[in-house]
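> Coordinates only, no sequence provided:
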């Protein structure tokens, strides 16, 4: 019996997923569907600078059956197994279908592959929904911003709140992990701009500016705090394609500076050794404290 | 594409629902199965005072009359949720399929990825649609199996046995599930209306009830003897379906001029019907015990697989 209470075939696939997923994934509400041991849990999967919660339902009694998934309450028309949607979606659709039909409970990589394919499909699903919103400015933004890689969209339509479309735009085509000497971070560090567009009322005279916020992967904060960055102001009638280059240019400068400061701090701390003697314990990555 | 018929509600009798819940909660694992019944147009019982107010002419109601649960998962569909019609047909003998149900403990009360696919697949199989009773000429007269009944238990409640269930109807144009209210039909004055459309499912054989003079027709009857004997043995086997050890001759005596010992004869019929039910129950009990034994054995084998070290 495995230590976590799951039967070994589930335990191996879940562990592999947590170790190899490109973003930090969380597991919650581990539970059992019967007398056969723990076999279902909720995954918190990072998406569009937030989490989506998916219930993964294995069946300890039927180890050969692939797991089933219950998606979030807002996504009740997301049916990844049905052959629908645009061409891009269709390809992904058949990939996740293949994973399910070639399921092997002894192969620990299967759950990771399934979740990755489904998340990609979910991205296309959200993109399609955002594209269907009847708002001219939004349609323009989507058409000009789509060539950027890694962009994610999410449309929220909670009953009491007004509809809004959220973009997560990865900024700067640079690998910060590689710039930091002796990088300890397992996941790729990135800075994102979150852009939230309220969906326009048809008769509103002027379109209101989107809400902007810089966000970063958590470990990056030790090096560089995005909260300290002052965002350039959004001018009337601006679009993202105009806004982003300036922001990226100034951010890139600040990140490079932050990285070079690490080196200066390291040299400073090393220079202290003859004064204080060894051992000198310091924060090994960013050299922020002794 | 034709518009889908939208159900007003789903009716299920208390005993049917109770026996489903009993089956689901006594199962050691998740269960699913098929739902049978019929679909009827019912005229609304209240007449609107205001004639300008537009009310639908009649409401479409699906009545679940029986169910079949499968002993294991992925029994009539594969891991992608594609239904295999050849695995369905053995169970469809003289029954009309309304949809299917799924029970999974400790999960959200929403259709899952695979369940959506199974429902869509079941809906799309040709030749599974059932005729709607009381359908008038200008309304749609057939119904595709589109009902999905989902059972679960709340994740946090450990000490009280709670069952939650919700019924959905699959809408094919939008590929979406819309919730439908469930009406639990019980015995009692409040539910009398539901029995208006009652029809027996195990009819007695149809017997000739001509008030002719038996002695005068004796000659003719002799000639018809062979046909008559064939008919009698057919009637007898039909009667044997619902009563144990009552001859067709005695049933015949209940109609026509011979119906003198009416009360005693009826009582005898009911008694024989009860003994038939009793012997059926004994058969079911014995075969259930065998099934249970086999299921337990299968479970042990499966759990051996599940708990054997996972990686090759």
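Looks like it arrived, so ask away. These figures come from a predicted structure and were not determined experimentally.
> Without its sequence neighbours, what residue ends up closest to residue B:65?
residue B:37 (4.3 Å; CB to CB, 6 or more residues apart in numbering or on different chains). The way it works is simple: take the backbone N, C-alpha and C, and place the C-beta from them, glycine included.
> Could you identify the helix or strand that succeeds whichever strand or helix holds the one you found?
Assessed by DSSP states H and E, residue B:37 sits inside strand B:31-42. The helix or strand immediately downstream of strand B:31-42 is strand B:59-69, counting by DSSP H and E.
> Show me what that following strand is packed against.
For strand B:59-69, the elements it packs on are strand B:9-13, helix B:14-26, strand B:31-42, strand B:97-103, strand B:147-152, judged by 3 or more CB pairs under 8 Å, 6 or more residues apart in numbering or on different chains; DSSP states H and E.
> about what we covered before: what is the neighbour count of the residue nearest to residue B:65?
Look at residue B:37: counted by other CB atoms under 10 Å in any protein chain shown, it has 22 neighbours.
> check contacts around it.
By CB atoms under 8 Å, 6 or more residues apart in numbering or on different chains, residue B:37 lies in contact with B:62, B:63, B:64, B:65, B:66, B:96, B:98.
> The fourth one and chain A, how far apart?
If I follow you right, that is residue B:65. From residue B:65 over to chain A the distance is 28 Å, taken as CB to the nearest CB, to the nearest Å.
> do the same with residue B:104
6 Å.
> Phi, psi for that residue please.
phi -140, psi 130 (degrees, to the nearest 10).
> Run a quick neighbour tally on the closest residue to it other than its chain neighbours.
Take residue B:104 and drop its neighbours on the chain: the residue closest to it by CB to CB, 6+ apart is residue B:30, 4.4 Å away. For residue B:30, the count of nearby residues is 26 (other CB under 10 Å).
> Residue B:30 contacts residue B:112, correct?
No: the criterion here is CB atoms under 8 Å, and residue B:30 misses it with residue B:112 at 10.7 Å.
> where do the contact lists of the two overlap?
With CB under 8 Å, 6+ apart as the test, residue B:30 and residue B:112 both reach A:57, B:102, B:104.
> So which residues on the stretch 51-200 of chain B come close to chain A?
B:72-74, B:78-81, B:104-108, B:110-117, B:120, B:155, B:174-177 (CB under 8 Å from any CB of the partner chain).
> Quick one: buried ones out of these?
Burial by neighbour count, judged by 16 or more other CB atoms under 10 Å in any protein chain shown, picks out B:72-74, B:78-81, B:104-108, B:110-117, B:120, B:177 from those.
> Those in helices, which ones?
B:113, B:114, B:115, B:116, B:117, B:120 (DSSP state H).
> Just list the residues touching the third one, thanks.
Contact analysis of residue B:115 by CB under 8 Å, 6+ apart lists A:68, B:81, B:102, B:148, B:150.
> which one of these is nearest residue A:235?
Taking CB to CB as the measure, residue A:68 is the one of these closest to residue A:235, at 48.8 Å.
> The closest one contacts residue B:116, doesn't it?
No: the criterion here is CB under 8 Å, and residue A:68 misses it with residue B:116 at 10.1 Å.
> what do those two both touch?
Going by CB under 8 Å, 6+ apart, no residue sits against residue A:68 while also sitting against residue B:116.
> roughly how far is the helix or strand hosting residue A:113 from the heart of the chain?
Using DSSP H and E, residue A:113 maps to helix A:110-131. Computed by CA atoms, centre = their mean, to the nearest Å, the chain-centroid distance of helix A:110-131 equals 12 Å.
> what about it, average pLDDT?
For helix A:110-131, mean pLDDT rounds to 90.
> and if you look at stretch A:139-157?
The model assigns stretch A:139-157 a mean pLDDT of 83.
> How far does it stretch from one end to the other?
Terminal residues of stretch A:139-157 are spaced 18 Å apart (CA to CA, to the nearest Å).
> Kindly list the longest strand within chain A.
For chain A, the longest strand by residue count, based on DSSP state E, is strand A:38-47.
> Could you name the helices and strands sitting against that strand?
Using 3+ CB pairs under 8 Å, 6+ apart: strand A:38-47 touches helix A:8-20, strand A:26-32, strand A:50-57, helix A:110-131.
> how about the ones you listed, which one is nearest chain B?
helix A:8-20 (3.5 Å; CB to the nearest CB).
> who touches the longest strand of chain A?
Residues from elsewhere that reach strand A:38-47, judged by CB under 8 Å, 6+ apart: A:4-7, A:10, A:14, A:23-33, A:51-60, A:115, A:119, A:122-123, A:152, A:154, B:106-107.
> how far out from the middle of the chain is stretch B:6-22?
10 Å.
> buried set for it?
Under 16+ other CB under 10 Å, the buried positions of stretch B:6-22 are B:7, B:8, B:10, B:11, B:12, B:13, B:16, B:17, B:20.
> What is the end-to-end distance of that stretch?
Where stretch B:6-22 begins and where it ends lie 30 Å apart, using CA to CA.
> same for the helix or strand containing residue B:239, what does it pack against?
Element membership of residue B:239, judged by DSSP H and E, is helix B:225-240. On a contact count with 3+ CB pairs under 8 Å, 6+ apart, helix B:225-240 meets helix B:248-252.
> tell me which residues of the helix it packs on are tucked away?
Buried-residue list, helix B:248-252, by 16+ other CB under 10 Å: B:248, B:250, B:251, B:252.
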